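Undergrad: What follows is a predicted structure for the sequence shown.
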Amino acid sequence: MRPYLAYVRAAALIAMQYRTALFSSPVVTLIWILVLTRVWSQAYQGRPVVAGFTLQTTIVYLTLASLQAVVIDSPLPFVIAGRVRTGEVIFDVNRPIGFAGQMLALQAGQTGTQLIVVLAAAPLAAWIGGLAAPAGVTAGLLYPVALLAGLVLNALLGLLIGLSAFWTVDNWGLSTLYRFVAAFLAGAAVPLTFLPGPLRAVAEALPFRFVVYEPAAIYVGQVQGAEAVRALGLAVLWIVVVAGLVALVWRRAFRRVVIHGG
Amino acid sequence: MAELTREVRLYLVLRAASIRGALQYRGNIAIMVLAGFAYQGSGFAFVWVLMHTFGTVAGWGLGDMAFLYGMRLLSHAVWLLLLDGVTHSDQSIRDGQFERMLLRPANTMSLLATNTRSLMSFGDLTVGVLVFGIAVTVADVDWSPLAMLFAVLAILGGALIEASVSVAIAGVSIRIIDTWAFRMVGYDAVDKLSSYPLGIFGNGAQKLLTYAFPFAFIAFLPANLLLGHDGDLAVPAWLGYLAPLVGIALFTLAYRFFHRQLRHFQGVGH
């Protein structure tokens, strides 16, 4: 475990070196929270409840969801593509800890740093959008668990997309495509209950919702009781499935490792 | 005049060459266009879902929203198709490519603008044409020849306003090595603040987005006139007629700023 923790620490230190990037990311999120909450407020026009959400709940949901969705922009595809292209990946595969583990540790360090920045920006987000206490004690207790599951799942998905670089070298197009589709289907701008039937079915069948929608919906009390527990169970199931996929893809990717510039 | 004709011809040759370059990466073509499509498409999907549930936002229906969104996307695509290399000024300077651009007998901005192999703007263009094309048939617009001319000029004006943000940042990148953060905030602000009706914001923000950061001119104010909305705004609606002029003025300012900064170029030691 020690080498992984060292890797996490190194990743956090790297993230903290890029200070302007670290501070501009919450600015972008805050602008989006401003636009998003204003658009929704105008849309409600005094309607008490739409698709199970009051305006107040929707605003809290959207603020929270926008803050959570920051993590979907994973550095892994970019990092892996860079290391494959330059041949640096030779150092990674020669280390005494596994490649997938290294990349997940890197993501953990980056996400950890992002979370600290997000927490620091939360009061501003609450002022621009709106935040409230969790819907109840259970919601407050379940939220961090659901969020953690979402972060793990998000890291594994980012890794899976990133591994495509071993076949294509450049994965910029694919990772961009992934980022926007995943964010939308995760419920970053629209609580999933608002989606029209077929689109909702697609979002429900895919794992992205556990990164944003489920934790945020648990927090505001939209998903509760047995439903919340089932959501957590499904999230864990998805983690196992995607982890298995990552292991499978990595085994094949390892055989395809080409060292450029060697 | 002869000088201008020569510059335009050189620009077209360079642009054609960079697009030919991009087309060499065959496998990448579809995925890049698709990425651009997903970026803008997911943005419009949000608008569509919202209208599907609520019908109107700040007095604007789906057709009107699509008109605004499409108009802004067309401006966005036009500026990217013409000048996307400007967004890579950091990299060009760091790689030492910028020295080459300064030495060649052609306009530096032309060389910088055509120094990319990105096809993502074609994805933006596809979504823009699709959304705007459908919106034109749905939204209630009185298409007199004058209105058509105004729409075209307004789209070009919007493109110039967006371009001026990028050109100004490219000017800054000549003085400081890394402008990634400016870019990220600048582009995102344009993207988010100009694609929705101004009426969703409070009076202060409306004035801010018209007079201080004139993003409202990119698409909203002209679209508002074309659609004939007389909703309550904190700013006079007729200002929209000035959109093409605002574009020309801002782009001229940004270009002059960029050009002045060239005198201070120091290189990064190649």
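TA: Received, thanks.
Undergrad: quick one: low-confidence parts of the chain?
TA: Defaulting to chain A. A:262 (pLDDT under 70).
Undergrad: look at chain B instead
TA: B:269-270.
Undergrad: Please list the residues of it that sit near chain A.
TA: Contacts of chain B with chain A, taken as Cβ under 8 Å from any Cβ of the partner chain, map to B:27-28, B:31-32, B:34-35, B:38-39, B:41-42, B:45-46, B:49-50, B:52-54, B:56-58, B:120, B:178, B:180-182, B:184-185, B:188-189, B:192-193, B:196-197, B:199-201. (C-beta placed from N, C-alpha, C; glycine too.)
Undergrad: Whichever of those residues end up buried, select them in ChimeraX.
TA: To isolate the buried ones among the residues of chain B next to chain A in ChimeraX, judged by 16 or more other Cβ atoms under 10 Å in any protein chain shown, type:
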select /B:28,31,32,34,35,38,39,41,42,45,46,49,50,53,54,57,58,120,180,181,182,184,185,188,189,192,193,196,197,199,200,201
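Undergrad: Keep only those of the residues of chain B next to chain A that are in helices.
TA: Among the residues of chain B next to chain A, DSSP state H puts B:27-28, B:31-32, B:34-35, B:38-39, B:41-42, B:45-46, B:49-50, B:52-54, B:120, B:180-182, B:184-185, B:188-189, B:192-193 in helices.
Undergrad: Going toward the C-terminus from the one helix or strand residue B:64 maps to, what's the next helix or strand?
TA: Assessed by DSSP states H and E, residue B:64 sits inside helix B:62-83. Once the chain leaves helix B:62-83, the next helix or strand it forms, by DSSP H and E, is helix B:89-94.
Undergrad: residues contacting the nearest residue to residue A:28 once chain neighbours are set aside?
TA: Excluding the flanking residues, the one nearest residue A:28 by Cβ to Cβ, 6 or more residues apart in numbering or on different chains is residue B:188, at 4.5 Å. Neighbour list for residue B:188: A:28, A:31, A:32 [criterion: Cβ atoms under 8 Å, 6 or more residues apart in numbering or on different chains].
Undergrad: next one: residue A:186
TA: A:69, A:72, A:203, A:208, A:209, A:211, A:212, A:213.
Undergrad: helix/strand/coil for the residue nearest to the third one when sequence neighbours are not counted?
TA: Put plainly, it is residue A:203. The spatially closest residue to residue A:203, leaving aside those adjacent along the chain, is residue A:185, at 4.6 Å (Cβ to Cβ, 6+ apart). Per DSSP: H, G, I helix; E, B strand; the rest coil, the local secondary structure of residue A:185 is helix.
Undergrad: again with the one 5 residues further on
TA: When classified by three-state DSSP, residue A:190 comes out as coil.
Undergrad: What's the separation between it and residue A:51?
TA: According to Cβ to Cβ, to the nearest Å, residue A:190 and residue A:51 sit 10 Å apart.
Undergrad: got it, and residue B:201?
TA: 25 Å.
Undergrad: what about the residue nearest to residue A:37 when sequence neighbours are not counted, distance to residue A:209?
TA: Counting by Cβ to Cβ, 6+ apart, residue A:37 lies nearest to residue A:129, which is 4.4 Å off, once chain neighbours are set aside. Distance, residue A:129 to residue A:209, using Cβ to Cβ: 21 Å.
Undergrad: What about the closest residue to residue B:52 other than its chain neighbours, how many residues nearby?
TA: Closest residue to residue B:52 apart from its sequence neighbours, by Cβ to Cβ, 6+ apart: residue A:196 at 5.7 Å. When neighbours are counted by other Cβ atoms under 10 Å in any protein chain shown, residue A:196 registers 11.
Undergrad: you'd agree residue A:196 is up against residue B:49?
TA: Yes: taking Cβ atoms under 8 Å as the contact criterion, residue A:196 and residue B:49 are neighbours in contact, 7.0 Å apart.
Undergrad: Mind listing the shared neighbours of these two?
TA: In contact with both residue A:196 and residue B:49: no residue, using Cβ under 8 Å, 6+ apart.
Undergrad: For residue A:191, list the residues it contacts.
TA: A:51, A:53, A:58, A:61, A:62, A:65, A:213, A:216, A:217, A:222.
Undergrad: tell me, which of these make contact with chain B?
TA: Checking the contacts of residue A:191 against chain B (Cβ under 8 Å from any Cβ), the matches are residue A:51.
Undergrad: From the contacts of residue A:191, which land in strands?
TA: residue A:53 (DSSP state E).
Undergrad: For ChimeraX, what selects the buried ones among the contacts of residue A:191?
TA: To isolate the buried members of the contacts of residue A:191 in ChimeraX, using 16+ other Cβ under 10 Å:
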select /A:53,58,61,62,65,213,216,217,222
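Undergrad: For the contacts of residue A:191, give me a markdown table that also has distance to residue A:238.
TA: A markdown table is the format used below for the contacts of residue A:191 (distance: Cβ to Cβ, whole Å):
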| residue | distance to residue A:238 |
| --- | --- |
| A:51 | 24 |
| A:53 | 24 |
| A:58 | 26 |
| A:61 | 21 |
| A:62 | 24 |
| A:65 | 19 |
| A:213 | 13 |
| A:216 | 17 |
| A:217 | 16 |
| A:222 | 20 |
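Undergrad: which residue packs closest to the closest residue to chain A within the stretch 1-150 of chain B, ignoring adjacent ones?
TA: Residue nearest to chain A within the stretch 1-150 of chain B (Cβ to the nearest Cβ): residue B:31, separated by 3.5 Å. Among residues not flanking residue B:31 along the chain, residue A:173 sits closest, at 3.5 Å (Cβ to Cβ, 6+ apart).
Undergrad: mind listing what the one you found touches?
TA: Counting by Cβ under 8 Å, 6+ apart, residue A:173 has contacts B:28, B:31, B:32, B:34, B:35.
Undergrad: repeat for residue A:162
TA: A:74, A:76, A:77, A:78, A:79, A:80, A:81, A:103, A:171, A:175.
Undergrad: again, but for residue A:102
TA: Applying Cβ under 8 Å, 6+ apart, the residues near residue A:102 are A:4, A:7, A:92, A:95.
Undergrad: Spatially, what comes nearest to the last one if we skip its sequence neighbours?
TA: Nearest non-adjacent residue to residue A:95, counting by Cβ to Cβ, 6+ apart: residue A:102, 6.6 Å away.
Undergrad: and the one you found, helix, strand or coil?
TA: Taking three-state DSSP, the label given to residue A:102 is helix.
Undergrad: Would you map the helices across chain A?
TA: Counting by DSSP H, the helices of chain A are A:2-17, A:19-44, A:55-69, A:76-86, A:89-94, A:99-128, A:137-162, A:165-168, A:172-186, A:197-205, A:213-219, A:226-255.
Undergrad: Show me what the fifth one is in contact with.
TA: So that's helix A:89-94. A:80, A:83, A:99, A:102, A:254, A:257, A:259, A:262.
Undergrad: One more: the first one?
TA: Under the criterion Cβ under 8 Å, 6+ apart, residues A:22, A:95-97, A:101-102, A:105-110, A:112-114 lie in contact with helix A:2-17.
Undergrad: can you pull the contacts of residue 59?
TA: Picking chain A for this. A:37, A:40, A:41, A:129, A:130.
Undergrad: That was the other one, I meant chain B.
TA: Residue B:59 neighbours (Cβ under 8 Å, 6+ apart): B:197, B:199, B:229, B:231.
Undergrad: at 6 Å what do you get?
TA: The contact partners of residue B:59, taken as Cβ atoms under 6 Å, 6 or more residues apart in numbering or on different chains, are residue B:231.
Undergrad: Chain B contacts on chain A?
TA: A:20-21, A:24, A:27-28, A:31-32, A:35, A:38-39, A:42-43, A:173, A:176-177, A:180-181, A:184, A:189-190, A:194-196 (Cβ under 6 Å from any Cβ of the partner chain).
Undergrad: Now that we have these, which of them are buried?
TA: Of these, these count as buried by 16+ other Cβ under 10 Å: A:24, A:27-28, A:31-32, A:35, A:38-39, A:42-43, A:173, A:176-177, A:180-181, A:184, A:189-190, A:194-195.
Undergrad: How many neighbouring residues does the residue lying closest to residue B:142 once chain neighbours are set aside have?
TA: Nearest in space to residue B:142, with sequence neighbours left out and distances taken as Cβ to Cβ, 6+ apart, is residue B:228 at 7.2 Å. Each residue near residue B:228 was counted by other Cβ under 10 Å, and the total is 12.
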